[in-house]
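S.K.: prediction below, plus the sequence it came from.
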Amino acid sequence: MSIARIKQHDTKGIFIDVLTVDDVPVNLTGVLGVQFLMKKPGHAINGAASVTNVSGGGVSYQPVEADVRYDGHYQQEWEVKFSDGRRLTFPNNAYNTVIIEPDLGGDPPS
């Protein structure tokens, strides 16, 4: 389990993780896809993630504006679809936590 913090409306940051089973990175060779799932009451995100390290279990997700529109505490997980069609969710014994802090308002200078 991990905790990530980001500010509301910030889309420059990237969510990264290493997917493991019993503390051993999962080999992601040939996976059909990885989803970034994040949820709090009344708001859910389901976006296509990227594999960043095939043999080392590395994944990442670049948020878009809709993902970081609402502040709050979210549960987060990664869902991997393997080449044989089976799925595995990480972490599989709990959830990661994402905290989206409210911004102070206003647009940055152009």
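M.R.: On my side now, so go ahead. Numbers count the residues shown, from 1 in each chain.
S.K.: in this structure, what helix or strand scores lowest on average pLDDT?
M.R.: The weakest-scoring helix or strand in the chain, judged by mean pLDDT, DSSP states H and E, is strand 3-7 (a mean of 91).
S.K.: ok, Val31 touching Ser83?
M.R.: Yes. At 6.7 Å, Val31 counts as touching Ser83 under the criterion of Cβ atoms under 8 Å. Quick note: C-beta positions are derived from backbone N, CA and C, even for glycine.
S.K.: neighbour count winner among the two?
M.R.: Val31 (16 against 9; other Cβ atoms under 10 Å).
S.K.: if I pick the more buried one, what's in contact with it?
M.R.: Each residue near Val31 by Cβ atoms under 8 Å, 6 or more residues apart in numbering is listed here: 51, 80-83.
S.K.: can you pull the phi and psi angles for the residue positioned nearest the centre of the chain?
M.R.: Nearest to the mean C-alpha position of the chain, counting by Cα atoms, centre = their mean, stands Phe36 at 4.2 Å. Backbone torsions for Phe36, taken as degrees, to the nearest 10, come to phi -100, psi 120.
S.K.: that one: what's it in contact with?
M.R.: With contacts defined as Cβ under 8 Å, 6+ apart, Phe36 is in contact with 15, 45-49, 59, 61, 76, 78.
S.K.: which residues does the closest residue to it other than its chain neighbours contact?
M.R.: Using Cβ to Cβ, 6 or more residues apart in numbering and skipping the chain neighbours, the partner closest in space to Phe36 is Tyr61 (3.7 Å). Tyr61 sits next to 14-15, 36, 47, 49-50 when contact means Cβ under 8 Å, 6+ apart.
S.K.: of those residues, select the buried ones using a PyMOL command.
M.R.: For the buried members of the contacts of Tyr61, the matching PyMOL selection, counting by 16 or more other Cβ atoms under 10 Å, is:
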select buried, resi 15+36+47+49
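S.K.: now intersect the contacts of Tyr61 with the strands, please.
M.R.: Judged by DSSP state E, the contacts of Tyr61 include 15, 36, 47, 50 as members of strands.
S.K.: which strand residues bridge the second one?
M.R.: Spelled out, it's Phe36. Assessed by DSSP bridges, Phe36 has beta-bridge partners Gly47, Trp78.
S.K.: please consider this matter closed, and thank you.
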